[in-house]
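>>> Below: sequence and its predicted model.
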Amino acid sequence: MRAVTYHGTHDVRVDTVPDPEIVNPRDAIIKVTSTAICGSDLHIYDGVIPGMLTGDILGHEFMGEVVETGRASTLDIGQRVVVPFVIACGSCFFCNKRQYSACDNSNPAEKQDISETAFGRPSSGLFGYSHMTGGYAGGQAEYVRVPFSDVGPVVVPDGLDDEQVLFLSDILPTGWMAADNADIEEGDTVAVWGCGPVGLFAIQSALLMGAHQVIAIDHYPNRLALARKLGAEIIDYRQTDVREALTEMTGGIGPDAVIDAVGMESHGFAVDNILDTLKQTVGIGADRAHALRQAILACRKGGRISMPGVYGGLVDKFPLGALMEKGLQLRTGQTHVQRYSHDLLKRIEAGDIDTTFLISHRLPLEEAPRGYKNFKDNQDEWTKVVLRPGG
Ligand SMILES: [Zn+2]
Ligand SMILES: [Zn+2]
């Protein structure tokens with residue numbers, strides 16, 4: 001089959017690789033019909049995710065048709081499914097608490113060393129996201145093996161097309177959990193750093209959860225325009241001092257909740273960010289956390305911080321004093337996709353949530369390298385790329 005593979009920093013290719021096979025009774029094989037490139041795939045593309053090997057198949061946002069099932073799979077051949085990017089067994093200590101992205105059974109024992117060393121405990125398995133998270137082949141391919149297929153995949157009802165449900169795989173539940181983690185109360189003001197897909201869906205979710213005012217922060221005009229269309233007020237951080245503006249827009253007290261939807265590759269010409277960039281470039285493991293620092297400082301006293309943005313290493317210059325002295329709460333984590341996906345599917349069916357506005361480009365799988373390059377280099381125009389195997 002054809003698949004998008006990793007060959008080093010800024011080098012992804014479409015290669016011919018062996019077809020996946022059923023390995024465990026709970027597996028299913030999916031013939032991929034749509035798959036997206038994610039902002040977090042760009043962290044791989046930029047070479048800042050450890051544990052990537054040449055030839056690894058990328059992609060964790062995908063859906064398709066069930067073409068083969070293991071004897072313990074509950075799926076039927078021919079069903080259309082969207083697959084969560086988090087691989088979870090459904091029955092361990094963590095899955096029983098619905099903390100699916102902490103699943104203890106999905107990252108094979110021989111792959112756990114890196115995350116156990118880096119994070120103190122092994123991480124769960126993720127599709128297409130390095131050997132640190134299990135080394136699973138991703139879904140930017142014609143076919144993909146889905147482990148624990150009786151737990152994760154969401155069967156798509158007739159009448160919904162791929163583009164309406166594809167983002168249930170990651171970015172919609174991730175945006176939703178970002179807002180959920182911000183504990184939004186009716187009438188709240190919420191500031192969101194980053195108007196990428198997760199930031200935009202967090203804005204949409206925060207408004208559905210009752211936020212009165214949502215303020216979006218970015219510097220890409222097109223992305224800010226999308227945020228405005230969703231109902232957010234906007235701040236272009238290249239033109240405006242963010243903290244001053246937020247103070248002014250909130251009657252002097254600051255936002256009730258702040259959401260960092262930027263993560264480890266923050267942009268911006270600020271002193272802390274220049275130092276972070278240098279450290280990340282020379283490979284001494286520092287994340288670029290400028291957006292998070294700014295969010296913590298801007299948040300009102302007693303407010304909440306939600307951090308859906310991906311971080312993988314260490315940060316310094318962290319405003320720990322502000323966190324403590326202002327009595328802030330911080331919640332974060334890889335998304336517990338399985339906790340949210342069924343409810344979000346109902347909201348899509350009911351017409352309460354439409355995510356199709358985000359898709360700017362549709363490409364055949366063979367053009368994935370062009371998709372990655374442009375999604376990285378021209379983030380303003382290329383808001384979301386959907387790849388179609390065989391398209
Ligand atoms: Zn993703
Ligand atoms: Zn589990």
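On my side now, so go ahead. Ligands and ions are numbered 1, 2, ... in the order given.
>>> Worst mean pLDDT across the helices and strands of this protein, which element?
Across the helices and strands of the chain, the lowest-confidence element by mean pLDDT, DSSP states H and E is helix 271-281, at a mean of 66.
>>> Roughly how far does the residue in the chain that ligand 1 sits nearest to sit from Leu58?
When scored by CB to the ion, the chain has Cys38 as its residue closest to ligand 1, at 2.8 Å. Glycine gets a C-beta too; all of them are placed from N, C-alpha and C. Distance, Cys38 to Leu58, by CB to CB, to the nearest Å: 9 Å.
>>> can you check Thr247 too?
According to CB to CB, Thr247 and Leu58 sit 41 Å apart.
>>> Of the two, give the one with the bigger neighbour count.
When Thr247 and Leu58 are compared for neighbours, Leu58 comes out ahead with 27 against 16, by other CB atoms under 10 Å.
>>> Let me see the contact set for that one.
Leu58 makes contact with Val4, Thr5, Tyr6, Val12, Asp41, Ile44, Gly128, Gly138, Gln140, according to CB atoms under 8 Å, 6 or more residues apart in numbering.
>>> again with Ala257
Neighbouring residues of Ala257 by CB under 8 Å, 6+ apart: 182-184, 188-191, 206, 299, 303-306.
>>> can you list those residues in CSV and add distance to ligand 1?
Output for the contacts of Ala257, formatted as CSV (distance: CB to the ion, whole Å):
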residue, distance to ligand 1
Ala182, 20
Asp183, 24
Ile184, 23
Asp188, 26
Thr189, 27
Val190, 22
Ala191, 23
Ala206, 19
Cys299, 26
Gly303, 27
Arg304, 24
Ile305, 21
Ser306, 17
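>>> quick one: which of the residues you listed is nearest ligand 2?
The shortest separation between ligand 2 and any of these is 23.7 Å, and it belongs to Ser306 (by CB to the ion).
>>> what number of residues lie near the residue in the stretch 151-300 of the chain that ligand 2 sits nearest to?
Closest to ligand 2 within the stretch 151-300 of the chain is Val151: 8.2 Å, counting by CB to the ion. The number of residues packed near Val151 is 20, by other CB under 10 Å.
>>> same check, this time on Gly313
That count, for Gly313 with other CB under 10 Å as the rule, works out to 16.
>>> Point out the residues in this structure that sit beside ligand 2.
Ala88, Cys89, Cys92, Cys95, Cys103, Asn105 (CB under 5 Å from the ion).
>>> Could you export these as JSON lines, including neighbour count and secondary structure?
Below are those laid out as JSON lines (neighbours: other CB atoms under 10 Å; DSSP: H, G, I helix; E, B strand; the rest coil):
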{"residue": "Ala88", "neighbour count": "28", "secondary structure": "coil"}
{"residue": "Cys89", "neighbour count": "20", "secondary structure": "coil"}
{"residue": "Cys92", "neighbour count": "17", "secondary structure": "coil"}
{"residue": "Cys95", "neighbour count": "24", "secondary structure": "helix"}
{"residue": "Cys103", "neighbour count": "26", "secondary structure": "coil"}
{"residue": "Asn105", "neighbour count": "19", "secondary structure": "coil"}
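>>> Reformat these as TSV; add pLDDT and distance to Phe375.
Listed next are the residues of the chain next to ligand 2 as TSV, based on pLDDT from 0 to 100; distance: CB to CB, whole Å:
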residue	pLDDT	distance to Phe375
Ala88	98	27
Cys89	97	32
Cys92	97	35
Cys95	98	32
Cys103	97	29
Asn105	95	33
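>>> Dump the residues you listed into CSV; add distance to ligand 1 as well.
Rendered in CSV, the data for the residues of the chain next to ligand 2 read as follows (distance: CB to the ion, whole Å):
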residue, distance to ligand 1
Ala88, 16
Cys89, 21
Cys92, 23
Cys95, 20
Cys103, 17
Asn105, 22
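>>> out of those residues, who's nearest Ala216?
The closest of the residues of the chain next to ligand 2 to Ala216 turns out to be Ala88 (CB to CB; 31.3 Å).
>>> wait, doesn't that closest one sit right on Ser123?
No: using CB atoms under 8 Å, Ala88 makes no contact with Ser123, being 11.7 Å away.
>>> what does the chain put close to ligand 1?
Going by CB under 5 Å from the ion, the residues of the chain near ligand 1 are Cys38, Ser40, Glu61, Asp170.
>>> Check the secondary structure at Asp180 for me.
Assigned with DSSP: H, G, I helix; E, B strand; the rest coil, Asp180 falls in the helix class.
>>> Then Val81?
strand.
>>> need the helices for the chain, in chain order.
Counting by DSSP state H, the chain has helices at residues 39-45, 93-96, 113-119, 162-165, 171-181, 197-208, 221-230, 242-249, 271-281, 290-298, 320-325, 337-349, 368-377.
>>> ok, and the closest non-adjacent residue to Thr250?
Excluding the flanking residues, the one nearest Thr250 by CB to CB, 6 or more residues apart in numbering is Thr189, at 5.3 Å.
>>> For the one you found, list each beta-bridge partner.
Gln213 (DSSP bridges).
>>> quick one: it and Leu207 touch, right?
No: when contacts are counted by CB under 8 Å, Thr189 is not listed as touching Leu207 (11.7 Å).
>>> So, low pLDDT: which residues of this protein?
Scanning the chain for pLDDT under 70 picks out 265-287, 391.
>>> Spell out for me which residue occupies the centre of it.
Central residue of the chain (CA atoms, centre = their mean): Ile171, 5.0 Å from the mean position.
>>> correct me, but it touches Pro197?
Yes: counting by CB under 8 Å, Pro197 is a contact partner of Ile171 at 4.5 Å.
>>> Would you mind listing the residues touching both of these two?
Shared contacts of Ile171 and Pro197, defined by CB under 8 Å, 6+ apart, are found at Cys38.
>>> Tell me the spacing between Asn24 and ligand 2.
For Asn24, the distance to ligand 2 equals 14 Å [CB to the ion, to the nearest Å].
>>> Please list all residues in contact with that residue.
Going by CB under 8 Å, 6+ apart, the list of residues near Asn24 reads Gly70, Ala72, Pro147.
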